[in-house]
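[1] I would like to see how this sequence folds:
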Amino acid sequence: MSRFEEALSAAGIVDVDVRRFPDGTRTAEDAARAIGCEVGQIVKSLVVLAGGMPTLALVSGANRLDLRRLEPLLGAPVRMAAPDAVRTATGYSIGGVPPVGLARPLRVLMDSDLLGHDLVWAAAGRPDTVFSITPQRLRELAAAKVVELSAS
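    Sure, this is the predicted structure:
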């Protein structure tokens with residue numbers, strides 16, 4: 001059982017619909033096309049660094065993360081994390097970072113636009129796997145603070 005699956009099991013979620021797409025779901029557009037859903041239903045898991053400290057931003061696939069919005073929330077200048085920093089912080093590579101089951105606890109911010117969907121799809125630990133979840137359950141599991149993350 002993967003760390004991701006263990007985290008879900010520990011949260012009492014045992015009937016997760018994890019889907020594998022051999023052609024990959026690395027981008028939001030790829031994932032939406034493979035799943036057959038709207039791009040806005042895809043959860044992009046983006047790691048940013050604020051003062052050297054990693055934070056996970058769960059962003060709607062239809063939106064572009066606005067780093068300037070994060071600076072007042074995180075109290076330091078913000079930049080995107082390099083691939084090696086993403087792996088160190090989460091235990092996963094870019095394109096496969098799930099919102100739960102991370103290598104260490106991280107602050108998690110969630111795009112308010114995700115709440116506009118009945119169901120969203122997030123990475124399940126690999127660049128070719130995703131799982132579905134309600135946005136409200138995602139917020140609970142990830143202990144995420146819901147904020148506006150996209151550029152105006």
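[2] In contact with the residue nearest to the spatial centre of the chain: list those residues for me.
    Centroid-nearest residue in the chain: S45, 2.7 Å away (criterion: CA atoms, centre = their mean). By CB atoms under 8 Å, 6 or more residues apart in numbering, the residues touching S45 are 56-58, 90, 97-99, 122-123. No exception for glycine: its C-beta is placed from N, CA and C like everyone else's.
[3] isn't there a strand covering it?
    Yes. Per DSSP: H, G, I helix; E, B strand; the rest coil, S45 lies within a strand segment.
[4] about what we covered before: can you tell me which of the contacts of S45 has the most neighbours?
    Tallying neighbours with other CB atoms under 10 Å puts P98 at the head of the contacts of S45, with 29 neighbours.
[5] phi, psi of that one?
    phi -80, psi 160 (degrees, to the nearest 10).
[6] go on, V130?
    According to degrees, to the nearest 10, V130 has phi -140, psi 160.
[7] pretty sure S93 is in contact with R87, am I right?
    Yes. Counting by CB atoms under 8 Å, S93 does reach R87; the two are 5.7 Å apart.
[8] can you pull the buried residues of stretch 114-133?
    114, 117, 120-133 (16 or more other CB atoms under 10 Å).
[9] again with stretch 21-40
    21, 24-26, 28, 30-32, 34-35, 37, 39-40.
[10] same thing with stretch 133-140?
    133, 135, 138-139.
[11] Which of those residues fall in strands?
    Taking DSSP state E, the ones among the buried residues of stretch 133-140 that sit in strands are I133.
[12] Tell me the one among the buried residues of stretch 133-140 nearest to D17.
    I133 (8.9 Å; CB to CB).
[13] Read off the pLDDT value for the closest one.
    Per-residue pLDDT puts I133 at 93.
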